[in-house]
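# Return atomic coordinates for the entry below.
(2 chains)
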Amino acid sequence: MIVRWLAASLFFMLIVVAWHLAVEAHMWSPLLLPSPFSVFEYLRSAAADGTLVEATGVTVQRLLIGYGLGILVGLPLGLLTASSRWCQDTIGVLALGLQTLPSVCWVPLALLWFGQTEASLLFVVVMGTLWSLIIATDHGVRTIPPIYTRAARSMGSTGLHMWTHVVLPASLPFLLSGMKQGWAFAWRSLMAAEIFVTILTGFGLGHLLHYGRELNAMDQVIGIMLVIVVIGLAVDKTLFAPIERFLHRRWGTERQ
Amino acid sequence: MASPEVNPAKTVPSKLVLEHVSKCFQTRSLKVQALDDVTLHIAEGEFVCLVGPSGCGKSTLLNIIAGLERPDRGLVQADGKDIVGPGPRRLMMFQEAALFPWLTVLGNVLFGLKLNTGLSAAERREKAEYFIELVGLKKFKHSNVHELSGGMKQRVALARALAPTPTVLLMDEPFGALDALTREQLYGDIQRIWSQHRKTIVFVTHNVREAVCLGDRVILFSPNPGRIREEFAIPLPRSRDINSVDLARYSTEITRVLKGYVQTEVAG
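Okay, here's the model as predicted:
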């Protein structure tokens, strides 16, 4: 475990060192490639004056609301498409088509419909998340070995009990990977939305990124990108990884 | 010895009654007559084995008794009442253990019990633990399913099927995927449990020796269309050892008959 930590730290330190050496070589203008120290300095000062914390809070809140809405709507719809041919031919096809649409394509429509409002951002996040969640849920339910439902049925399980006690838990591994994918899509959609939609109700990480470009502040651009990456990693490691570990232990799908 | 007239179902009131049952499956390319005019009476507490080559409809018959499938024609009754769906009085065991990997051993055994209303949580738990102990897995009650061997999984499946106290146990080649040694152990266990708890058992297999070892009666099926060809009473004393010479005499005779009509089918 310690060896793995050391190896990982060494790897990331090497990247920073290489970055630093590239800056020292003066091959690119510092405007285009700021040194790692100026990026860290930006992050430190932004953290100190509160902009970073506030922006992160605003962004994460939007993300959670949008993602939550996506799950709330997507999960039941996915169950519907998996259980009824009618829903599969209608909602299922719709989801399949719309999930191919990059989420940034929703931005113009959201702007015209909702204007520069919070709703506009949430709309883009939900649209970016919902369809892939429907498809992942649908796939998860369809992949359940039929013997589980037969066994449960022979014991007298039907209807709602079958769904909550057999179908949902049986498709949990697939639902989780669908939710992970949904989370990634929600992140992408929100960043696209924040970069393109300027609103006054809250200044998110995407906005900081956008204004970093406007001000030619490359240290800010790279700094915010780092923050976005770190948040993504942290959520994966703290939210999804423990559930995944539990599932692997139960199902016996652990890798040695 | 193989006398069809020795039929306990004729003297004792029948637990399970199947009369003129037919069932047809339509697949994309062909129509399969899985069961054709099958009549079978099974007495309370009887252990009946259904034997035949694959595709002879024996599993379909089991599904119909379980209430998982409906026959196209014919009468199917348990305790004098029509079977219209699955129920906790007739439980099924499959070739794969079909245990739920998201539950522990205890959770799996509790699954069927929880569907039985009228038991308190403590009573359910006590019952589940009793049956886990009965199949010899007390130490493994908190284990995950994937940690068990194939034989242990089938023991859990047996405990899960026994726990809601069904009167009929339907077993669809439950030992088919196990190695010979494990199977022999389970023959002993199932006979012990059957004699203690006096269930009516309908057991599907294509292993004649297994059928003779376990059954009071062995019913021979032939495929296309699925029909009962012959039945044999096995009056051997219990508990039977699959390796005994007496048992071999019965199984040789039944295998001879079985081969006879399988070859006729191929030739015809």
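# and the residue in the stretch 101-250 of chain B that chain A sits nearest to, helix, strand or coil?
Closest residue of the stretch 101-250 of chain B to chain A, CB to the nearest CB: residue B:146 (2.6 Å). The C-beta positions use only the backbone N, C-alpha and C, and glycine is treated the same way. The three-state assignment at residue B:146 reads helix, by DSSP: H, G, I helix; E, B strand; the rest coil.
# Can you give me the pLDDT of it?
pLDDT for residue B:146: 92.
# which residues touch it?
Contact partners of residue B:146, counting by CB atoms under 8 Å, 6 or more residues apart in numbering or on different chains, are A:250, A:251, A:252, B:101.
# what's around residue 89, how many residues?
No chain was given, so I picked chain A. 11 (other CB atoms under 10 Å in any protein chain shown).
# other chain: chain B
16.
# Would you list the phi and psi of it?
phi -80, psi -20 (degrees, to the nearest 10).
# and the gap between it and residue B:29?
38 Å (CB to CB, to the nearest Å).
# What of residue A:50?
71 Å.
# the more surrounded of those two?
More crowded of residue A:50 and residue B:29, by other CB under 10 Å: residue A:50, with 10 against 5.
# so where do the strands sit in the stretch 101-250 of chain B?
B:168-172, B:200-205, B:217-222, B:227-233 (DSSP state E, counting those that start in this stretch).
# can I get those in JSON lines with mean neighbour count, mean pLDDT and distance to residue B:105?
Formatted as JSON lines, the strands of the stretch 101-250 of chain B follow (neighbours: other CB atoms under 10 Å in any protein chain shown; pLDDT from 0 to 100; distance: least, CB to CB, whole Å):
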{"stretch": "strand B:168-172", "mean neighbour count": "23", "mean pLDDT": "94", "distance to residue B:105": "19"}
{"stretch": "strand B:200-205", "mean neighbour count": "25", "mean pLDDT": "95", "distance to residue B:105": "23"}
{"stretch": "strand B:217-222", "mean neighbour count": "23", "mean pLDDT": "93", "distance to residue B:105": "33"}
{"stretch": "strand B:227-233", "mean neighbour count": "19", "mean pLDDT": "92", "distance to residue B:105": "37"}
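# Narrow the contacts of residue B:146 to those in helices?
Those of the contacts of residue B:146 mapping onto helices are A:250, A:251, per DSSP state H.
# Among the contacts of residue B:146, name the buried ones.
By neighbour count, with 16 or more other CB atoms under 10 Å in any protein chain shown, these hold A:250, B:101 as buried.
# Distance-wise, check the one residue in the stretch 1-150 of chain A that gets nearest to chain B relative to residue B:81.
Closest approach between the stretch 1-150 of chain A and chain B, counting by CB to the nearest CB: residue A:147, at 4.5 Å. For residue A:147, the distance to residue B:81 equals 28 Å [CB to CB].
# wait, what's in contact with residue 162?
Picked chain A for this. A:149, A:152, A:153.
# actually it's chain B I care about, not the one you picked
If you count contacts by CB under 8 Å, 6+ apart, then residue B:162 has B:91, B:131, B:134, B:169, B:193, B:197, B:199 around it.
# Surely the third one touches residue B:193?
Yep, that's residue B:134 we're talking about. Yes. Judged on CB atoms under 8 Å, residue B:134 makes contact with residue B:193 at a distance of 6.5 Å.
# residues in chain A within reach of chain B, list them.
A:147-148, A:150-157, A:161, A:165-166, A:169-170, A:172, A:249-252 (CB under 8 Å from any CB of the partner chain).
# ok so, going back, so residue A:147 and residue B:81 - more neighbours on which side?
A direct count of neighbours by other CB under 10 Å for residue A:147 and residue B:81 places residue A:147 higher, at 14 against 9.
# My guess is residue A:132 contacts residue A:183. True?
No. Under the contact definition of CB under 8 Å, residue A:132 does not touch residue A:183, with a separation of 10.2 Å.
# Settle it for me: which of the two has more neighbours?
Neighbours per residue (other CB under 10 Å) separate residue A:132 from residue A:183, with residue A:132 holding more: 25 against 21.
# Setting aside sequence neighbours, what's the nearest residue to the more buried one?
Counting by CB to CB, 6 or more residues apart in numbering or on different chains, residue A:99 is the residue found nearest to residue A:132 once chain neighbours are left out, at 4.9 Å.
# Which positions in the stretch 151-268 of chain B make contact with chain A?
Close to chain A, as judged by CB under 8 Å from any CB, the stretch 151-268 of chain B has residues B:160, B:164.
# any weak-confidence spans in the stretch 151-268 of chain B?
Applying pLDDT under 70 to the stretch 151-268 of chain B flags residues B:264-268.
# the helices in it, which residues?
Applying DSSP state H, counting those that start in this stretch to the stretch 151-268 of chain B gives helices spanning B:180-197, B:208-214, B:245-267.
# Buried residues, the last one. List them.
For helix B:245-267, a neighbour-count test (16+ other CB under 10 Å) marks B:247, B:250, B:251, B:254, B:258, B:261 as buried.
# Distance to residue A:116 added to these, as JSON lines?
Putting these into JSON lines (distance: CB to CB, whole Å) gives the following:
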{"residue": "B:247", "distance to residue A:116": "85"}
{"residue": "B:250", "distance to residue A:116": "86"}
{"residue": "B:251", "distance to residue A:116": "83"}
{"residue": "B:254", "distance to residue A:116": "83"}
{"residue": "B:258", "distance to residue A:116": "80"}
{"residue": "B:261", "distance to residue A:116": "82"}
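# Pull up the gap between the residue of chain A found nearest chain B and residue A:98, please.
Nearest residue of chain A to chain B: residue A:252, at 2.6 Å (CB to the nearest CB). Relative to residue A:98, residue A:252 is positioned 36 Å away (criterion: CB to CB).
# So what's the residue count around residue 94?
Just going to use chain A. Residue A:94 has 14 nearby residues by other CB under 10 Å.
# That was the other one, I meant chain B.
Considering only other CB under 10 Å, residue B:94 is surrounded by 21 other residues.
# Now do the same contact list for it.
Contacts of residue B:94 (CB under 8 Å, 6+ apart): A:147, A:150, A:151, B:157, B:172, B:174.
# Can you pull the phi/psi pair for it?
phi -110, psi 170.
# Quick check: residue A:113 touching residue A:120?
Yes. Residue A:113 is within contact range of residue A:120, at 7.3 Å (criterion: CB under 8 Å).
# Mind checking which of the two has more residues around it?
Neighbours per residue (other CB under 10 Å) separate residue A:113 from residue A:120, with residue A:120 holding more: 21 against 12.
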